[in-house]
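Q: Can you look at this prediction? I've put the sequence above it.
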2 protein chains.
Amino acid sequence: MIGRQGRTGSNPTIRDVASRAGVSIATVSRVINNSPHKVHGATRRRVLRSVVRLGYHPNAVARGLRRGTSHSIALIVPDITNPFFPAIARGVEDAARRHGFAVVLGNTDGDPQRERAYLDILRTRWVDGVLFAGVGGEVGDLHELMAEGVPAVLIARDVGGGQIDTVLTDGFAGLRLGTTHLLRLGHRRIAFLGGPRGLPVARERLNGYRRALREFRLQPDHHMIVSGDFRVDGGRAAMARLLARDRPFTAVVAANDLMAIGAMEVLRAAGRRIPEDVAVVGFDDIPFAAFVDPPLTTVAQPTYRLGALAVERLLALMRGEVGGPRRIVLQPQLVVRRSCGGDRPGSDQRDR
Amino acid sequence: MIGRQGRTGSNPTIRDVASRAGVSIATVSRVINNSPHKVHGATRRRVLRSVVRLGYHPNAVARGLRRGTSHSIALIVPDITNPFFPAIARGVEDAARRHGFAVVLGNTDGDPQRERAYLDILRTRWVDGVLFAGVGGEVGDLHELMAEGVPAVLIARDVGGGQIDTVLTDGFAGLRLGTTHLLRLGHRRIAFLGGPRGLPVARERLNGYRRALREFRLQPDHHMIVSGDFRVDGGRAAMARLLARDRPFTAVVAANDLMAIGAMEVLRAAGRRIPEDVAVVGFDDIPFAAFVDPPLTTVAQPTYRLGALAVERLLALMRGEVGGPRRIVLQPQLVVRRSCGGDRPGSDQRDR
DNA sequence: TTGTACGCGTTATCAG
DNA sequence: CTGATAACGCGTACAA
């Protein structure tokens, strides 16, 4: 506890302020909270003076005990090291601070046990609400939390059911956008690197890809669709399998950036130049995608806003505003990184 | 406050547990804290039973008020979005959780005002200690904190004076290592992209570069030394200036990865191939460096350990162990990314 | 071995 | 308008 063990002595308390100002602690409390209760102007000034004199800061812990609110929220992510999450964390922290809330960070590695451990900590009243970013399929505990009336919001993760407030990016629109981009450039044989089969978000993205093709009167060819695990390794493996199938393609759209990066690696190793021979488009907004060479065209998620909006929604929930939208869907945006010559059409419409 | 506004009613308190077990709250307290105070086995079991029955979790806020410790620490970073910090944050969080501490995250953007605002929040007893990662030159507030007896540790930032506990990587050794690597490969004309002039860490790294040269009986040529700002843009600008000077060089060592990335961009734009024409070595361990193409050879900081060690030191400080080392210096390591042909000698010792 | 009662620093309620 | 005072939930001397 800051200042507690300082040899300067404990922080001044409301009592110190009161006695120094020659008033009761009740009056001091009213002043520092500018309560609606009327306080004489002169008295108020006297109080404020001794507040600054003593460098008084109300003790948040005591206040929390009394008011039943700690003015802090938790942000639970699988792994802050995963480049997708820092931007979310930043959005969350900025918004929270604007409202005077502190943010407690937790990493779960997607481990349900770790997740549960966190929930227990939170239950002991550390925080007023919880934000779960990219939490795994395990929603049992979440529902438990909801049942207890804990305000919670999911970020960038769809668990369906509509029971829990969620803020996410439209994955369907995103992949439709990316695929359409390639189609407009003239590509006709476009492969798809998808996420894990069962996952709702993966399914949704696949559907976006399919829709784009159909809008161009093309039949999705299931031989050109492989699934991975949303990670670089998965991208490598998926691309390797795709190449093994020996189906010609002039472009690839990946369900996320990390897979796109892995795929590009394998493509280059196989002697195919990017983007001259194969154009690649990813999904997600992870900052380092900008540094990848050749530049990766990406459908960017408004990651920062995702975090900020989640906080707004969470605060609304905490205020008891149950009326709001339970589901906020943001639109992604196509980002063609440094158009240094690349990404141009498969020169001509080769096949077809 | 979790559970407070739940319609399920408030969380059970120590009183509920006590009455259900037919004992006093003191006994319950002793059991759940397994205090040295003797408690009859049977009584203990009865208490524990009602604890699980009621799903009791001690209220951390009340406990904090009583004990004078919140069991949480703050991690203040300039910007969690900067890829250098997530790994630190992860190390911090893991270590903290192992000890039952929560981590409160804060971004300052290096703005002294924001920094000060945080300190005020912390002063209100949110946290038991503070970790400052990469904080700017402004140390005034820090000393103020120290004076108040707040446990604080600096991560990856040297403010000198030895007044504040610090955990950092040996930048001198790092750049000496990277430069020596190039020298061993046969390079003799090695340029240096440094950090901001005044900064202690920048100076230190420059000295490492110089030392390596001298150890090879080479005079550092100040025409080959340019300074930037530790960011990608700075790397671009610095490299542009270097090229303008028209001094031949076969290798570049950058004071950090971001600058190295910017430099490589400009080099390629200037038609120089990497690493065939110019070898590049960076300093820092930011994950995406691994994805840069061509692969960037790097002197890696043990970022995760930096965070973990800082927590250990902080906890020691909180326990009042003033005796420990005030300055922990970790050694960096040379990481030659995927040796895909590159990074080889300037073929022969061209000049000299 | 167990229980009673006080205080941690605030806020809120009720008298004055 | 101001001031006592009772909680908030817990840990711990002190008493039994």
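A: The structure has been received and is ready for your questions. Numbering: from 1, shown residues only, chains lettered A, B, ... in the order given.

Q: Please work out which residue of the stretch 51-200 of chain A is closest to chain B.
A: A:Gly149 (2.7 Å; Cβ to the nearest Cβ). For the C-beta atoms, the positions are set from N, CA and C on the backbone; glycine is no exception.

Q: So that residue: helix, strand or coil?
A: Per DSSP: H, G, I helix; E, B strand; the rest coil, the local secondary structure of A:Gly149 is coil.

Q: Near it, how many other residues are there?
A: Residues contacting A:Gly149 under the criterion other Cβ atoms under 10 Å in any protein chain shown number 16.

Q: Run through chain A and note the low-pLDDT ranges.
A: For chain A, the stretches with pLDDT under 70 are A:1-10, A:125, A:135-141, A:145, A:160-162, A:287-295, A:324, A:337-352.

Q: Now do the helices in it.
A: With DSSP state H as the criterion, chain A has helices at A:14-21, A:25-32, A:41-54, A:60-67, A:85-98, A:112-121, A:140-147, A:171-184, A:200-215, A:232-245, A:257-269, A:303-318.

Q: angle of the last one against helix A:85-98?
A: What that stands for is helix A:303-318. Interaxial angle of helix A:303-318 relative to helix A:85-98 (axes from the mean of the first three to the mean of the last three Cα atoms, to 10 degrees): 40 degrees.

Q: do the first one as well
A: An angle of 40 degrees separates the directions of helix A:14-21 and helix A:85-98 when computed by the same axes, to 10 degrees.

Q: and helix A:14-21, does that touch chain B?
A: No: if you take Cβ under 8 Å from any Cβ of the partner chain as the test, helix A:14-21 misses chain B, and the best it gets is 12.4 Å.

Q: starting at the chain centroid, how far to that helix?
A: 45 Å (Cα atoms, centre = their mean, to the nearest Å).

Q: hmm, that helix in reach of DNA strand D?
A: No: Helix A:14-21 lies apart from DNA strand D when judged by Cβ under 7 Å from any atom of the strand; the minimum separation is 7.5 Å.

Q: And the contacts of that helix?
A: Under the contact criterion Cβ atoms under 8 Å, 6 or more residues apart in numbering or on different chains, helix A:14-21 has outside partners A:24-25, A:27-29, A:32, A:43, A:46-47, A:49-51, A:53-54, A:56, A:58.

Q: Let's see that helix as CSV, backbone CA atoms only.
A: Written as CSV, here are the backbone C-alpha positions of helix A:14-21 (Å, rounded to 0.1, in the frame of the first residue of the first chain):
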residue,chain,number,x,y,z
ILE,A,14,-9.8,12.5,6.1
ARG,A,15,-9.6,13.1,9.9
ASP,A,16,-6.3,15.0,9.5
VAL,A,17,-7.9,17.2,7.0
ALA,A,18,-10.9,17.7,9.2
SER,A,19,-9.1,18.7,12.3
ARG,A,20,-6.7,21.0,10.4
ALA,A,21,-9.7,22.7,8.9
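
Q: buried sites along that helix?
A: Using 16 or more other Cβ atoms under 10 Å in any protein chain shown as the test for burial, helix A:14-21 gives A:14, A:16-18, A:20-21.

Q: Please apply the same query to the fifth one.
A: Of the residues in helix A:85-98, those buried by neighbour count under the rule 16+ other Cβ under 10 Å are A:85-97.

Q: again with the third one
A: Under the neighbour-count criterion of 16+ other Cβ under 10 Å, helix A:41-54 has A:43-44, A:46-48, A:50-51 buried.

Q: cool, and the second one?
A: Under the neighbour-count criterion of 16+ other Cβ under 10 Å, helix A:25-32 has A:27-32 buried.

Q: Can you name the residues that contact the closest residue to A:Leu154 other than its chain neighbours?
A: Sequence neighbours aside, A:Thr166 is the residue nearest to A:Leu154 in space, at 4.4 Å (criterion: Cβ to Cβ, 6 or more residues apart in numbering or on different chains). Residues near A:Thr166 by Cβ under 8 Å, 6+ apart: A:153-155, A:157-159, A:326-328.

Q: Please name the bridge partners of A:Thr166.
A: As for beta bridges, A:Thr166 partners with A:Leu154, A:Arg327 under DSSP bridges.

Q: Give me the distance between it and A:Pro151.
A: Using Cβ to Cβ, to the nearest Å, one obtains 13 Å as the distance from A:Thr166 to A:Pro151.

Q: Also A:Ala300?
A: From A:Ala300 to A:Pro151 the distance is 29 Å (Cβ to Cβ).

Q: If you count surrounding residues, which of those two has more?
A: The neighbour comparison of A:Ala300 against A:Pro151 (other Cβ under 10 Å) goes to A:Pro151, with 24 against 19.
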